[in-house]
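Trainee: Let's see this in three dimensions:
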Amino acid sequence: MKYMLIIYGNQELWESLGPDVMAREFEAFGKFNKKFYDTGELLGAYGNADAAATRLVSVTDGQPVVSDGPFLETKEYLASWYLLDVDSEARALEIAAELPSAKYRPVEVWPILHEASRETGDDMGIA
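Mentor: Reported below is the predicted structural model:
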């Protein structure tokens, strides 16, 4: 079953750690990524840009409208996410606990229930 691990953060948190700690954390993330890519359980690891670089796209009267965003009600934003393919929820939780950032912020573990087919785009049901 597939799971998405979500890390939230903000620029204030990253800056508070200082360059030496951040360098160690990036190294720890690299080791984490390699470990779980090597086991085949990590399908992808993605770090997002700061929320200030995000854009919102909507359609009004059939025309796309692009604006700055998102307009968050909090300082926290989606900082990174990981896609796992594991045998059980228990295994996904074990891996989430090994994320280096878990010591700073909780990690959300979301089951992936549906996946579109690459060939047809159709929903393939439970992932």
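
Trainee: Can you check the pLDDT for the residue nearest the centre of the chain?
Mentor: With distances taken as Cα atoms, centre = their mean, W81 lies nearest the centre of the chain, 1.0 Å away. On pLDDT, W81 comes in at 95.

Trainee: That one and Y3 touch, don't they?
Mentor: No - the pair W81 / Y3 is not scored as a contact, 10.5 Å apart, by Cβ atoms under 8 Å. The way it works is simple: take the backbone N, C-alpha and C, and place the C-beta from them, glycine included.

Trainee: Which of the three states applies to E27?
Mentor: With DSSP: H, G, I helix; E, B strand; the rest coil as the basis, E27 sits in helix.

Trainee: ok, so what distance separates it from M4?
Mentor: From E27 across to M4, the span is 24 Å (Cβ to Cβ, to the nearest Å).

Trainee: Compare neighbour counts for these two and give me the winner.
Mentor: M4 (17 against 11; other Cβ atoms under 10 Å).

Trainee: List the residues that contact the residue nearest to the more buried one when sequence neighbours are not counted.
Mentor: Take M4 and drop its neighbours on the chain: the residue closest to it by Cβ to Cβ, 6 or more residues apart in numbering is W110, 4.5 Å away. Residues near W110 by Cβ atoms under 8 Å, 6 or more residues apart in numbering: Y3, M4, L5, I6.

Trainee: got it, and E76?
Mentor: By Cβ under 8 Å, 6+ apart, the contact list for E76 reads Y8, G9, N10, R105.

Trainee: Now the buried members of the contacts of W110.
Mentor: Y3, M4, L5 (16 or more other Cβ atoms under 10 Å).

Trainee: And the strands in this structure?
Mentor: 2-9, 42-47, 55-60, 63-68, 77-85, 107-111 (DSSP state E).

Trainee: Direction included, what does the fourth one pair against?
Mentor: Strand pairing for strand 63-68, determined by DSSP bridges: strand 55-60 (antiparallel).
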